[in-house]
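# one predicted model, sequence on top.
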There are 2 protein chains.
Amino acid sequence: MISLNYRDSRPIYEQIKDELRKLIVTGAMSADEKLPSVRALASQLAINPNTIQRAYNELESEGYIYSVPGKGSFASADAGTDGARKEELLAKVQELVKELRYLGVTHEDLLALLEEGKEHD
Amino acid sequence: MISLNYRDSRPIYEQIKDELRKLIVTGAMSADEKLPSVRALASQLAINPNTIQRAYNELESEGYIYSVPGKGSFASADAGTDGARKEELLAKVQELVKELRYLGVTHEDLLALLEEGKEHD
DNA sequence: TTAACTGTATTATCCGTATTAGTACAGTTA
DNA sequence: TAACTGTACTAATACGGATAATACAGTTAA
């Protein structure tokens, strides 16, 4: 379900946050679905429970999951609703596109890239 | 010329690398143009020369600049030619676009984003 | 030739933070 | 009751970013 890359310079809890956020936001994990317990995920990944707890804590304060003491942690129904992350991602895309253009990537190349992953809408 | 953001969690030498790479790749700095000396830039930014040296070292091994002992460091003529960075950036864009779609950003929104920064080609 | 510049290299140290470790407490559930 | 859940806290460790202080060799201009 989750995999870690120890060559990645980013902290483990950041990697976990990103992977879980992706699962939730993409619908791979449905609303109110139970996440692995802090201890279970920690033992599965062979890392310390505190590291998982930190990831869960931050995901909760960002609105992606909610935790119920004694019960577990669950995917939020309204995950990523506030639009803050959307703005963040859009800004990143603009930065990247800007540099790509200077690197010689044409407008058509970029359009093709978009069409590639279209599928529905 | 270069500015630092100490609130940014990324290391200073990474920020410097990014800014310089952008200047070179965008043509804001022309081929074989001399970069500030290690010591000059360090004193301008009020940081340690070793930090600048690290940024320069890595930029050189990535092909964006070349250094001549005793003379200085200069922008490479064929900066970013190998395409490795291009691939890296394209992959990032795809990742971001994928998540943006799940967040409800429409295909049209993304197209608009591209048109926005078009200008030439 | 001298003085001031350049890049490069080396070593030691400080400090923040990611991570681990260990423990404890309270609510939930079978 | 026993085994699970999230949560909280403190302490210790480890690693990497950044600084500090030098030193050396090549370049350049006075």
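Okay, I see it. Small disclaimer: the values here were computed from a predicted structure and weren't measured.

# skipping its backbone neighbours, what lies nearest the residue lying farthest from the centre of chain A in space?
The centre of chain A is farthest from one residue, residue A:104, which by CA atoms, centre = their mean lies 30.0 Å away. Nearest residue to residue A:104 in three dimensions, chain neighbours excluded: residue B:86, at 7.6 Å (CB to CB, 6 or more residues apart in numbering or on different chains). C-beta coordinates here come from the backbone N, C-alpha and C atoms, glycine included.

# over to residue A:60?
The shortest distance from residue A:60 to any non-neighbouring residue, by CB to CB, 6+ apart, is to residue A:67 (5.6 Å).

# sorry, back to before: tell me the SS of the residue farthest from the centre of chain A?
Per DSSP: H, G, I helix; E, B strand; the rest coil, the local secondary structure of residue A:104 is coil.

# for residue A:67, give me the pLDDT.
Predicted confidence (pLDDT) for residue A:67: 93.

# kindly report the same for residue A:93.
With respect to pLDDT, residue A:93 scores 94.

# residues in contact with the helix-or-strand element of chain A with minimal mean pLDDT?
Lowest by mean pLDDT, DSSP states H and E among the helices and strands of chain A is helix A:84-102, with a mean of 87. The contact list for helix A:84-102 (CB atoms under 8 Å, 6 or more residues apart in numbering or on different chains) reads A:62, A:80, A:107, A:110, B:22, B:25-27, B:86, B:89-90, B:92-93, B:96-97, B:99-100, B:103-105, B:110, B:113-114, B:116-117, B:121.

# those, buried ones only, as a PyMOL selection?
Listed next is the PyMOL selection for buried residues among those, using 16 or more other CB atoms under 10 Å in any protein chain shown:
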select buried, (chain A and resi 62+80+107+110) or (chain B and resi 25+86+89+90+93+96+97+99+100+103+105+110+113+114)
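
# restrict the contacts of helix A:84-102 to those near DNA strand D?
Filtering the contacts of helix A:84-102 for proximity to DNA strand D by CB under 7 Å from any atom of the strand leaves nothing.

# quick one on the thing from earlier: neighbours around the residue nearest to residue A:60, how many?
Neighbours of residue A:67 under the rule other CB atoms under 10 Å in any protein chain shown: 16.

# need the three-state assignment for it.
Assigned with three-state DSSP, residue A:67 falls in the strand class.

# for DNA strand D, what are the nearby residues on chain A?
A:9, A:35, A:37-40, A:49-50, A:53, A:56-57, A:60, A:67-73.

# domains in chain A, by residue range?
Using automatic domain parsing, the domain parsing of chain A gives A:12-75, A:84-116.

# just to revisit the earlier point, quick one, what contacts the residue nearest to residue A:60?
By CB under 8 Å, 6+ apart, the residues touching residue A:67 are A:56, A:60, A:73, A:74.

# drop anything exposed from the residues you listed.
A:56, A:73, A:74.
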